[in-house]
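> Got a sequence here, can you build the structure:
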Amino acid sequence: MKAPRAYCLSKSERLHATKIIETLLSDGNVFFNYPFKVYFCIKKELVSSADSVCRFALVVPKRSFKRAVHRNLLKRRIREAYRKNKSLIYDTLQKQVLSLDFLVRYVSVEQLSYAAIDQAMQQTLRKLGELLAQGYAISLPAAD
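Residues are numbered from 1 along each chain as shown. Below you'll find the predicted structure:
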């Protein structure tokens, strides 16, 4: 039996363009929800069917976790928590015809369990949903 489409994390949902990530880090809005620091940019624009309404990137710093095995484990846990809980913000995005790019940076120096990461991801997505509902910091696309 196939998994429902809503619980997939497709390539179009991943934020991987260096230019976009740099602008997100320099010009984006930020909030902190332990163990995450979240950089986000909400855009009010129509999204083509090929693009996703919500794009997600993830950073686990090498400074905090020297061994790649530990960084990869944390990234797997965070991706899974996001994949399971992304419906918390997707409904709001689709109702308001918004698109969202956000980057999650893991700031804790200790390796948290999946349960703790899942709970923190739920809180983070709820906070993003509240900001979306309030119309917080919506940037309009630049006119060419």
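> since we're on residue 133, how many residues are nearby?
12 (other C-beta atoms under 10 Å). Every C-beta, even on glycine, is put in place using the N, C-alpha and C of the backbone.
> and it, what does it touch?
By C-beta atoms under 8 Å, 6 or more residues apart in numbering, residue 133 lies in contact with residue 92.
> Do you have the strands of this structure handy? List them.
Using DSSP state E, the strands assigned to the chain run over residues 29-33, 36-43, 54-59, 99-106, 138-139.
> Could you say which of those is packed most deeply?
Sort the strands of the chain by mean neighbour count, taking mean count of other C-beta atoms under 10 Å, and strand 99-106 sits at the top with a mean of 21.
> Neighbouring strands - and their directions - for that one?
Neighbouring strands of strand 99-106 in its sheet, by DSSP bridges, are strand 36-43 (antiparallel), strand 54-59 (parallel).
> can the ones you listed go into CSV with extra columns for mean pLDDT?
Listed next are the strands paired with strand 99-106 as CSV, based on pLDDT from 0 to 100:
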stretch, mean pLDDT
strand 36-43, 92
strand 54-59, 92
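> sorry, back to before: got CSV for the strands of the chain, with distance to residue 66 too?
What follows is the strands of the chain, written out as CSV (distance: least, C-beta to C-beta, whole Å):
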stretch, distance to residue 66
strand 29-33, 24
strand 36-43, 20
strand 54-59, 15
strand 99-106, 14
strand 138-139, 37
